[in-house]
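Q: Make a model of this:
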Amino acid sequence: MIFYGLYSFWIFWGSLGAILGFWLIGSDIKKMVYNIDVKKKKKLDKGYIFRYILYGIILFIPAIFSEKSIVPVIVGIFNLKIVPFFEK
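A: So this is what the prediction gives:
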């Protein structure tokens, strides 16, 4: 029972990281729309870098515990990125 519970936790951990990533994408888009309206040019957005650092942290934490926990985290991250394509 603990075996499935632990893997479920890592899938939830990856899904939480994907949700935070989507939220950060949404906030970056709002900033881009504002910058277009103001005609302000920005070369590199800090949110872009922060988002991928977040994904790195999300993948690094389970790697500390065991190599078997990385796969459920990746499944959790890709779960929220792939499922909308299967919706009708």
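Q: Buried residues in the longest helix along the chain, which are they?
A: Longest helix in the chain, counting residues (DSSP state H): helix 2-38. Using 16 or more other CB atoms under 10 Å as the test for burial, helix 2-38 gives 7, 10-11, 13-15, 17-18, 21, 24, 28. Any C-beta I mention is one placed from the backbone N, CA and C, and that applies to glycine too.
Q: and what of stretch 55-67?
A: Going by neighbour count (16+ other CB under 10 Å), the buried part of stretch 55-67 is 55, 58-59, 62.
Q: what does the average pLDDT come to for it?
A: Mean per-residue pLDDT for stretch 55-67: 88.
Q: which other residues reach it?
A: The contact list for stretch 55-67 (CB atoms under 8 Å, 6 or more residues apart in numbering) reads 10, 13-14, 16-17, 21, 69-70, 72-74, 77.
Q: Save the residues you listed as a markdown table, and put in distance to Y48 too.
A: A markdown table is the format used below for the contacts of stretch 55-67 (distance: CB to CB, whole Å):
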| residue | distance to Y48 |
| --- | --- |
| W10 | 26 |
| W13 | 22 |
| G14 | 20 |
| L16 | 20 |
| G17 | 16 |
| G21 | 11 |
| S69 | 27 |
| I70 | 24 |
| P72 | 26 |
| V73 | 21 |
| I74 | 21 |
| I77 | 17 |
